[in-house]
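Visitor: I would like to see how this sequence folds:
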Amino acid sequence: MQTVKMVVTGPFNAGKTAFIKTVSEIDVVSTERKITKESEKVKDTTTVAMDFGRITIDNDLVLYLFGTPGQRRFDFMWEILSEGMLGFIVMVDSCRPETFREARSILETFRAYAPTPYIVAANKQDRKEAWDLEDMRIALRLDSTVKLLPCVATDKESVKNILLELLYQILQEMENGAA
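Guide: Numbers count the residues shown, from 1 in each chain. Below is the predicted model:
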């Protein structure tokens, strides 16, 4: 059996934990803690170490999903979680343009850890205030070759589409490397 490690990263409150919980076949191992600073109260909890989920694709292939903390004070976990990853997803909240610069910085950080395939997932595309994908591409300074896909982290089909797209990129890179 082959296992594929994927990392789900992005700014605070981008939807990383929801993304993993939506598709994991096991109860997600989560290190969420209550937020005590009023200035950070967009939600009640935050991931402080990681989220872990698993999804079996078929008898020969299992995906391990590792979600990173989104707050910079926990970024020491990023490098640890990136070890052995075959690809990563950068979650971006389409409704919060004030997080786009941070998302770009996280993307560059993970590219430096490992030059693996990646996808940028524009989360919350079901909301009327969500930015258009092409406007997001410009704001995030993404090359036209980078996959920027619409996402709703709480929708199983949406999450599966993102994971399958990344898996195809990983498998294609493996085939090209073996050639």
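
Visitor: list the buried ones in the lengthiest helix in the chain?
Guide: Scanning the chain for the helix with the most residues, using DSSP state H, yields helix 156-178. In terms of neighbour count (16 or more other C-beta atoms under 10 Å), helix 156-178 has its buried residues at 158-159, 161-163, 165-167, 169-170. From N, CA and C alone the C-beta is placed, and that goes for glycine too.

Visitor: mind jotting down where the helices sit in the protein?
Guide: 16-23, 76-82, 100-113, 133-139, 156-178.

Visitor: stretch 91-109: how far from the chain's middle?
Guide: From the chain centre to the centre of stretch 91-109 is a distance of 11 Å (C-alpha atoms, centre = their mean, to the nearest Å).

Visitor: by how many degrees do the longest helix of the chain and helix 16-23 diverge?
Guide: Going by axes from the mean of the first three to the mean of the last three C-alpha atoms, to 10 degrees, helix 156-178 is angled at 90 degrees with respect to helix 16-23.

Visitor: for helix 156-178, the averaged confidence score.
Guide: Averaging pLDDT along helix 156-178 yields 91.

Visitor: find the least confident helix or strand in this protein, judged by mean pLDDT.
Guide: strand 29-34 (a mean of 62; mean pLDDT, DSSP states H and E).

Visitor: contacts only, for I26.
Guide: For I26, the contacting residues are 53-54, by C-beta atoms under 8 Å, 6 or more residues apart in numbering.

Visitor: please apply the same query to S94.
Guide: By C-beta under 8 Å, 6+ apart, the contact set of S94 is 122-125, 127, 130-131, 136.

Visitor: can you list the low-confidence ranges for the chain?
Guide: Where the chain drops to pLDDT under 70, the residues are 29, 31-49, 178-179.

Visitor: S30 against G53, yeah?
Guide: No: if you go by C-beta atoms under 8 Å, S30 and G53 don't touch, sitting 9.0 Å apart.

Visitor: next one: the longest helix of the chain to chain centre, how far?
Guide: 13 Å.

Visitor: that helix packs against which elements?
Guide: Under the contact criterion of 3 or more C-beta pairs under 8 Å, 6 or more residues apart in numbering; DSSP states H and E, helix 156-178 touches strand 2-9, helix 16-23, strand 61-67, strand 87-93, strand 118-123, strand 148-150.
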